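Trainee: got a sequence here, can you model it:
(one chain, ligands or ions: 2)
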Amino acid sequence: MTIQEAGIPIIDFDGFGDGTGERAKQISEDFYAACRDIGFAYLVNTGVPQDEVDAMFSWSKKFFELPYEVKMTAPHPPRGDQHRGYSGVGVEQVSQMVFDEARLHELRGKGADFKESFDMGSDHSPRCQNVWIEEHYLPGFRAGCEHFMSIGRALQMKVLHALALGMPHVPTDFFDRYHTDGDNQLRLLHYPSAPWSVFESGEKGRIGAHTDFSTCTFLFQDDVGGLEVESPSHPGIFIPAPPIKGAVVFNIGDFLMRWSNDELHSTLHRVRAPPRRPEDEEMTRERFSIPYFCSANADMTIDALPGTFGPENPKKYAPITAGEYVNMRLNATYVGSGINGSA
Ligand SMILES: O=C(O)CCC(=O)C(=O)O
Ligand SMILES: [Fe+2]
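Mentor: Numbering: from 1, shown residues only. Ligands and ions are numbered 1, 2, ... in the order given. Prediction:
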């Protein structure tokens, strides 16, 4: 394990194999320690070919270059929990555990996240249906996204297996059993170029500080930067998580925090303007990123694992099904979703 400058470890999966050898054990222990201490890790040599990642970025770019009217032929439904399709700039305001409608309204009034996105998931998701643009607008786009989702799914199963090997109190097949539906979400994000002054004045951010809702996230980012992670030792202080070529950023989501009764951190993170380069003029660079969110089956109950709680250390969270929890948080994210979850 090497420690990256911001304190986020780099975990090298080279030699993980089928997860049974000594090297796999070492990787799993290092990986678990990163999840416990920071909640974030850079993963390298995971087996995801770089040209597949490059191809997905290229589809994303082509999609966002389409005229707005075309993108809007696949609109995100008004309900926040139907998290599919295209959301234009200003539609979403990521919030952290704010469920009161008046307070959400006030937050959104301060300027929604300056980004546009396209979300898709498994065609078999029990929670929501995909919303695609018609094929002729961008031939091959849908197949490219579906192909990348299958790459993400294989990555998820390998990495969750490593986590189960390194994590106390977890049977090695635990995550396999909770994730049979592959109810995951691939998200294409585009943060448009904007004048520096917009960010400096605090008028807008790229994405507000939040934790991710479900089990874990794999994030592919381009070379622009701007992702920041809250320091575990200094709450309120955010440290940059700059792009590393060939690495995928992994982070713990709220389910893992709940399963582990807070032993694992679902760490706050946000996206700000990228670091300013000498050659930059009055505009920031645009940025593309591709998170792949992994969720447990919607009907599974997320509850603290035996061994993580006791008389001295009671359960911190009430049990809740995966579906209920994700819907509650998504409905707080969407402008005008008109649905108010309860905390
Ligand atoms: O774009 C990024 O780097 C982060 C995106 C993110 O945190 C999210 O979509 O949950
Ligand atoms: Fe996130």
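Trainee: and Ile239, that one's in a strand?
Mentor: Yes: Ile239 forms part of a strand when assessed by DSSP: H, G, I helix; E, B strand; the rest coil.
Trainee: list the beta-bridge partners for it.
Mentor: For Ile239, the beta-bridge partners are Val229 (DSSP bridges).
Trainee: also Val44?
Mentor: Assigned bridge partners for Val44, using DSSP bridges, are Asp12.
Trainee: in which helix or strand would I find Arg258?
Mentor: For Arg258, the host element (DSSP states H and E) is helix 254-259.
Trainee: for the helix or strand following that helix, packing partners?
Mentor: Reading on from helix 254-259 to the C-terminus, the next helix or strand found by DSSP H and E is strand 269-271. In terms of contacts (3 or more Cβ pairs under 8 Å, 6 or more residues apart in numbering; DSSP states H and E), strand 269-271 is packed against strand 207-210, strand 227-230. For every residue, glycine as well, the C-beta is placed using N, CA and C.
Trainee: out of these, nearest to ligand 1?
Mentor: strand 227-230 (4.0 Å; Cβ to the nearest ligand atom).
Trainee: does Asn251 count as helix, strand or coil?
Mentor: strand.
Trainee: still on that earlier bit, is ligand 1 within reach of the helix holding Arg258?
Mentor: No: contact between helix 254-259 and ligand 1 is absent, the nearest approach being 11.7 Å (criterion: Cβ under 6 Å from any ligand atom).
Trainee: quick check: mean pLDDT of that helix?
Mentor: Helix 254-259 comes out with an average pLDDT of 97.
Trainee: picking up where we left off before, any chance of the helices and strands packed on strand 269-271 in JSON lines, plus mean pLDDT and distance to ligand 1?
Mentor: JSON lines is the format used below for the helices and strands packed on strand 269-271 (pLDDT from 0 to 100; distance: least, Cβ to the nearest ligand atom, whole Å):
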{"stretch": "strand 207-210", "mean pLDDT": "88", "distance to ligand 1": "5"}
{"stretch": "strand 227-230", "mean pLDDT": "95", "distance to ligand 1": "4"}
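Trainee: most tightly surrounded among those?
Mentor: Mean neighbour count (mean count of other Cβ atoms under 10 Å) peaks for strand 227-230 among the helices and strands packed on strand 269-271, with a mean of 22.
Trainee: now what about that strand, what contacts it?
Mentor: For strand 227-230, contacts defined as Cβ atoms under 8 Å, 6 or more residues apart in numbering pick out 6, 8, 38-40, 209, 219, 221, 236-243, 249, 251, 267-272, 289.
Trainee: do stretch 117-128 as well
Mentor: With Cβ under 8 Å, 6+ apart, stretch 117-128 has contacts from 60, 63-64, 71, 74, 76-77, 81-87, 92, 130-132, 145-146, 149, 181-190, 298-299, 323, 326-327.
Trainee: need the residues that contact stretch 311-329.
Mentor: Counting by Cβ under 8 Å, 6+ apart, 80-81, 99, 126-127, 178, 183, 213-214, 254-255, 258, 261-262, 295-304, 309, 341-343 sit against stretch 311-329.
Trainee: so which of the contacts of stretch 117-128 reach ligand 1?
Mentor: Within the contacts of stretch 117-128, those near ligand 1 by Cβ under 6 Å from any ligand atom are 187, 189.
Trainee: ok, of the contacts of stretch 117-128, which come out buried?
Mentor: With neighbours counted by 16 or more other Cβ atoms under 10 Å, the contacts of stretch 117-128 contain buried members at 60, 63-64, 71, 74, 76, 81-87, 92, 130-132, 145, 149, 181-190, 298, 323, 326-327.
Trainee: in strands only, show me the residues you listed.
Mentor: Secondary structure assignment by DSSP state E places 85-87, 185-190 of these in strands.
Trainee: what's the farthest-apart pair in those?
Mentor: Using Cβ to Cβ, these reach their maximum pairwise distance at Gln185 and His190, which is 16.5 Å.
Trainee: in three-state terms, label the residue nearest the centre of the chain for me.
Mentor: Against the mean C-alpha coordinate of the chain, by Cα atoms, centre = their mean, the closest residue is Thr217 at 4.1 Å. Assigned with three-state DSSP, Thr217 falls in the strand class.
Trainee: thanks again, I'm all set now.
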